[in-house]
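Student: Got a predicted structure here, sequence first:
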Amino acid sequence: MSEIDYEKLAEIELQKDEAEDTQSQQEEMFVSPPLEDPELNINHPYYDVARHGIIQLAGDDNSGRKVITFSCCRMPPSHQLNHTRLLEYLKYTLDQYVENDYTVVYFHYGLKSMNKPSLKWLQTAYKEFERKYKKNLKALYVVHPTNFIKILWNIFKPLIRHDENLRRKQKGKLPPVVKIPPPRPPLPTQQFGVSLQYIKDKNKGELIPPVMKETVSYLKRKGLQVEGLFRRSASIQTIKDVQKLYNQGKSVNFDDYHDIHIPAVILKTFLRELPQPLLTFECYDHILGITSVESSLRVSRCKQIIQELPEHNYVVLKYLICFLHTVSQESIYNRMTASSLACVFGLNLIWPSKGTASLSALVPLNLFTELLIDFYMNIFNSRTVPGEILP
């Protein structure tokens, strides 16, 4: 049997996909306008590509993994977009997440002959995504795949497809209505999903939440030299079981699980499930402005912002950053520098009051967190609170 020319076959299938499209010519030529992202600065190194909104941070999945979306419908005609720059921007974006588990969702709808990159470009792109990008990619979903995509599978490798919802809509079938019961009041021993004040009131006025104190203490004793600490995920069911134990006020022995990453994930989950971020919604815009501050003045500006935090938030943040500073000092073993830790904890410490942080917001958020960790002694040396403890 002669060898199949997949490139030629893919071109034919793309033409078929377009011929079968029942939209009008005007609709076929429509490409969504660039997204209006108020946080995207014209000085962004990839502003020419980023302004189209092709690549976006969609938020976290149920496991706390970052979800990156790639939307073909936002790709302008090829003569208006430098595909080499697009590839560089994709790698620039993923570089901020590849140290942790993450997910990519690819929306194929909207890819036409006028805006599609060449197969040679796709092959080049695939080759450039070395192990660094693949090792922590936990899922790749392709939404609305066509025959063109199915042919590409033979060129590259099998992909995970996620098209059930779209098929359901196309057939006019709606998913069954699920009646959601009213939320239950939190337990007196609740640790996750409740405010710091609630936990303090239920724990005889202790400022540091028990789950935080126990995970930090355990990790400090047994995890400081573990390579990739805080980068790895853990069993979703195990994390839910541990959360349930904490919420019920039961003791947790992390030695029983034989996985150092479980307390690490529990600590991140606790921070992420706070009703208000530890750094508070009020600080969000101030933190975004850190990149506009002269380099020599940034530590002072960080200190100024931190001083404005409510007393309880300040104490808990100081406790956490003190521990992360200790982790960073063991980076020769654990490979977790202040920069690496900032990539992990940035969005667990601060997020906007509405929606999720945009990709352009990640640079200042992570920079701010990195400064807190690197210059812990300078930033937290002038404010003490009665009753505070350090790990």
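Tutor: Noted; the coordinates are in hand. Numbers count the residues shown, from 1 in each chain.
Student: element containing Glu214?
Tutor: helix 210-222 (DSSP states H and E).
Student: got the buried residues for that helix?
Tutor: The neighbour-count check on helix 210-222 (16 or more other Cβ atoms under 10 Å) flags Pro210, Val211, Met212, Lys213, Glu214, Thr215, Val216, Tyr218, Leu219 as buried. For glycine as for every other residue, the C-beta is placed from the backbone atoms N, C-alpha and C.
Student: Also stretch 85-99?
Tutor: Here stretch 85-99 shows Leu86, Leu87, Tyr89, Leu90, Tyr92, Thr93, Leu94, Gln96, Tyr97, Val98, Glu99 as buried, counting by 16+ other Cβ under 10 Å.
Student: Check stretch 310-320 too.
Tutor: His312, Asn313, Tyr314, Val315, Val316, Leu317, Lys318, Tyr319, Leu320.
Student: picking up where we left off before, mind checking the pLDDT average for the helix holding Glu214?
Tutor: Averaging pLDDT along helix 210-222 yields 96.
Student: try stretch 90-99
Tutor: Mean pLDDT, computed over stretch 90-99, is 80.
Student: what distance separates the start and the end of it?
Tutor: Distance between the two ends of stretch 90-99: 15 Å, counting by Cα to Cα, to the nearest Å.
Student: Closest to Lys354 out of the buried residues of stretch 310-320?
Tutor: If you rank the buried residues of stretch 310-320 by distance to Lys354 using Cβ to Cβ, Asn313 comes first, at 20.1 Å.
Student: Before we move on, what's the pLDDT of the closest one?
Tutor: 96.
Student: That one against Leu196, yeah?
Tutor: Yes. Counting by Cβ atoms under 8 Å, Asn313 touches Leu196, with 6.8 Å between them.
Student: Doesn't Lys318 lie inside a strand?
Tutor: No. The assignment for Lys318, made by DSSP: H, G, I helix; E, B strand; the rest coil, is helix rather than a strand.
Student: if I look at Gln276, how far off is Asp256?
Tutor: Remark: distance between Gln276 and Asp256 (Cβ to Cβ, to the nearest Å) = 32 Å.
Student: what does Tyr102 give?
Tutor: In terms of Cβ to Cβ, Tyr102 sits 29 Å off from Asp256.
Student: Which one's more surrounded, those two?
Tutor: Neighbour count, other Cβ atoms under 10 Å: between Tyr102 and Asp256, Tyr102 has more, with 22 against 9.
Student: so where do the helices sit in the stretch 1-150 of the chain?
Tutor: 6-19, 25-28, 47-50, 83-94, 119-128, 131-134, 147-155 (DSSP state H, counting those that start in this stretch).
Student: Lowest average pLDDT across those?
Tutor: helix 25-28 (a mean of 41).
Student: Now do the contacts for Leu193.
Tutor: Leu isn't right for residue 193; it's Gly. Applying Cβ atoms under 8 Å, 6 or more residues apart in numbering, one finds that Gly193 lies in contact with Pro186, Glu273, Leu274, Pro275.
Student: Quick check: the last one touching Gln197?
Tutor: If I follow you right, that is Pro275. No. Counting by Cβ under 8 Å, Pro275 does not reach Gln197; the two are 10.0 Å apart.
Student: From Gly53, how far off is the closest residue to Leu81 other than its chain neighbours?
Tutor: The shortest distance from Leu81 to any non-neighbouring residue, by Cβ to Cβ, 6 or more residues apart in numbering, is to Met75 (6.3 Å). Per Cβ to Cβ, Met75 is found 10 Å from Gly53.
Student: now Ile42
Tutor: Ile42 sits 15 Å away from Gly53, going by Cβ to Cβ.
Student: Looking at these two, which is more packed in?
Tutor: Legend: neighbour count by other Cβ under 10 Å for Ile42 and Gly53, higher for Gly53 (20 against 7).
Student: phi, psi of the more buried one?
Tutor: Gly53 adopts backbone torsions of phi 70, psi 20, taken as degrees, to the nearest 10.
Student: Quick check: it touching Arg74?
Tutor: Yes. Counting by Cβ under 8 Å, Arg74 is a contact partner of Gly53 at 5.2 Å.
Student: List the buried residues in stretch 46-54.
Tutor: For stretch 46-54, by 16+ other Cβ under 10 Å, it's Tyr46, Val49, Ala50, Arg51, His52, Gly53, Ile54.
Student: Without its sequence neighbours, what residue ends up closest to Asn247?
Tutor: Using Cβ to Cβ, 6+ apart, the nearest residue to Asn247 is Gln190, at 5.1 Å.
Student: so that neighbour makes contact with Tyr198?
Tutor: Yes. Gln190 lies in contact with Tyr198 (Cβ under 8 Å); the separation is 7.1 Å.
Student: name the helices or strands packed onto the helix or strand harbouring Phe323?
Tutor: Applying DSSP H and E as the criterion places Phe323 in helix 311-328. Counting contacts by 3 or more Cβ pairs under 8 Å, 6 or more residues apart in numbering; DSSP states H and E, helix 311-328 is packed against helix 196-202, helix 210-222, helix 298-307, helix 338-349, helix 359-374, helix 376-379.
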